[in-house]
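Enquirer: heads up, no residue letters with this:
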Ligand SMILES: O=c1cc[nH]c(=O)[nH]1
């Protein structure tokens with residue numbers, strides 16, 4: 001395969017990319033826009049970039065909103081209660097069908113790597129077994145990382161710790177937690193220490209739903225970061241949500257940032273979900289309830305955006321588009337400067353790839369696997385502003401998806 005007239009991120013020039021045996025064998029700058037031959041694929045001056053990475057989603061719960069009842073209050077805790085009512089209705093077929101439909105949405109929007117949290121507070125571990133099987137079956141079409149996620153707690157759910165360990169033994173890639181949902185502060189702290197020990201024992205990554213609440217006294221992030229620092233595993237650890245940080249006192253936050261930087265942990269923010277679930281106990285002014293993305297990023301820490309939910313008990317919208325999440329995230333976090341737009345795609349590509357520990361194979365460079373997407377528009381700014389379509393998605397040299405851009409059939413109204 002040979003692609004010409006492609007724009008690459010952070011460059012205004014046109015590029016020719018040659019793919020042999022699933023890898024980029026040559027990437028070179030062209031003198032200008034070139035005519036296309038029959039064997040070549042014309043990128044048409046559009047942006048060729050590394051695939052989008054979805055770093056935080058709940059595939060086991062996707063497409064279940066309203067079953068058996070809706071989340072009327074819009075709170076996280078009612079979402080967990082509604083999901084608790086849906087869990088007894090799970091079957092392998094039900095999970096498989098919903099997961100495949102959701103993955104179709106994600107792939108259609110340029111995603112090739114997904115980290116999914118899967119609830120382990122279910123004595124059958126059906127979701128976990130099904131997602132691990134799908135991960136293995138779908139390996140040539142999409143990368144899936146499975147997080148063993150104790151939705152109803154490690155120490156507050158009967159046999160929560162045992163179930164979590166069984167999930168890891170069954171093949172989960174990442175160990176999760178939810179300290180703010182444990183009954184007490186002490187149980188929350190203990191849960192963080194338990195999950196870190198489990199990850200060390202089985203050599204797994206860590207991704208914790210951490211302080212997903214508006215309570216400024218919820219301070220499990222410092223416990224997680226200290227554990228990461230002392231065990232020297234920061235790059236393998238992710239703190240998801242950390243919405244309480246929105247409400248922390250600035251003096252505390254300043255002290256906390258010192259530890260966070262030293263710990264080298266990663267952060268995932270899910271801005272659409274958080275602005276919906278948080279601030280629910282406020283009158284006015286109402287907090288946005290989104291973590292301090294702008295400040296974490298400015299301090300040099302690794303932050304990325306995830307969608308979290310697609311039509312589930314916590315969030316009944318969502319369509320698989322990380323560009324939509326990015327658009328909301330930049331608005332909510334007031335990251336609307338020229339520099340923010342110029343590098344916007346970092347939050348759904350390189351930063352998320354680092355969070356998932358995807359390693360050297362991710363990215364556009366000679367010798368790397370030829371996995372990429374082609375987006376309508378010439379750079380990050382244009383793609384973001386136009387909420388561009390994915391024209392092409394290629395994985396290890398094979399076309400996953402090709403799309404004809406939508407066309408208006410009537411003549412222009414004004415020009
Ligand atoms: O945001 C979310 C979604 C599902 N479960 C959680 O605990 N949090």
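Expert: All right, it came through fine. All figures in this text were calculated on a predicted structure; none of them were measured in a lab.
Enquirer: ok, for the closest residue to the ligand within the stretch 51-200 of the chain, nearest residue in space, not its chain neighbours?
Expert: Closest contact between the stretch 51-200 of the chain and the ligand, by C-beta to the nearest ligand atom, is at residue 58 (5.1 Å). C-beta here means a position set from N, CA and C on the backbone, and glycine is covered the same way. Leaving aside its chain neighbours, residue 58 sits nearest to residue 117 (5.2 Å; criterion: C-beta to C-beta, 6 or more residues apart in numbering).
Enquirer: Packing partners of the strand or helix carrying that neighbour?
Expert: Assigned by DSSP states H and E, residue 117 falls within strand 111-119. With contacts defined as 3 or more C-beta pairs under 8 Å, 6 or more residues apart in numbering; DSSP states H and E, strand 111-119 has these neighbours: strand 52-57, helix 126-137, strand 143-149, strand 205-210, helix 350-355.
Enquirer: which strands and helices sit next to whatever helix or strand comes next after the last one?
Expert: Heading C-terminal from helix 350-355, the first helix or strand you meet, by DSSP H and E, is strand 372-375. Applying 3+ C-beta pairs under 8 Å, 6+ apart, one finds that strand 372-375 contacts strand 47-49, strand 390-395.
Enquirer: Off-centre distance for strand 372-375?
Expert: In this view, strand 372-375 has its centroid 18 Å away from the chain centroid, taken as C-alpha atoms, centre = their mean, to the nearest Å.
Enquirer: who's in contact with it?
Expert: 6, 43, 46-52, 110, 112, 364, 383, 388-394 (C-beta atoms under 8 Å, 6 or more residues apart in numbering).
Enquirer: okay but the residue nearest to residue 58 is in contact with residue 209, surely?
Expert: Yes. Between residue 117 and residue 209 there is a contact under C-beta atoms under 8 Å: 7.5 Å.
Enquirer: higher neighbour count, those two?
Expert: residue 117 (28 against 25; other C-beta atoms under 10 Å).
Enquirer: Which strand residues bridge that one?
Expert: Beta bridges link residue 117 to residue 147, judged by DSSP bridges.
Enquirer: who's in contact with it?
Expert: Contacts for residue 117 (C-beta under 8 Å, 6+ apart) come out as 56, 57, 58, 147, 149, 176, 207, 209.
Enquirer: which of those residues are buried?
Expert: By neighbour count, with 16 or more other C-beta atoms under 10 Å, the contacts of residue 117 hold 56, 57, 58, 147, 149, 176, 207, 209 as buried.
Enquirer: Verify the stated contact: the last one with residue 177.
Expert: Just to be clear, that refers to residue 209. Yes. If you go by C-beta under 8 Å, residue 209 and residue 177 touch, sitting 6.8 Å apart.
Enquirer: Find the residues that touch each one of these two.
Expert: With C-beta under 8 Å, 6+ apart, residue 209 and residue 177 have common neighbours residue 149.
Enquirer: and the stretch 201-350 of the chain, which residues reach the ligand?
Expert: With C-beta under 6 Å from any ligand atom as the criterion, the stretch 201-350 of the chain meets the ligand at residues 209, 212, 273, 308, 309, 314.
Enquirer: how does it look with 5 Å?
Expert: Residues of the stretch 201-350 of the chain found near the ligand (C-beta under 5 Å from any ligand atom) are 209, 314.
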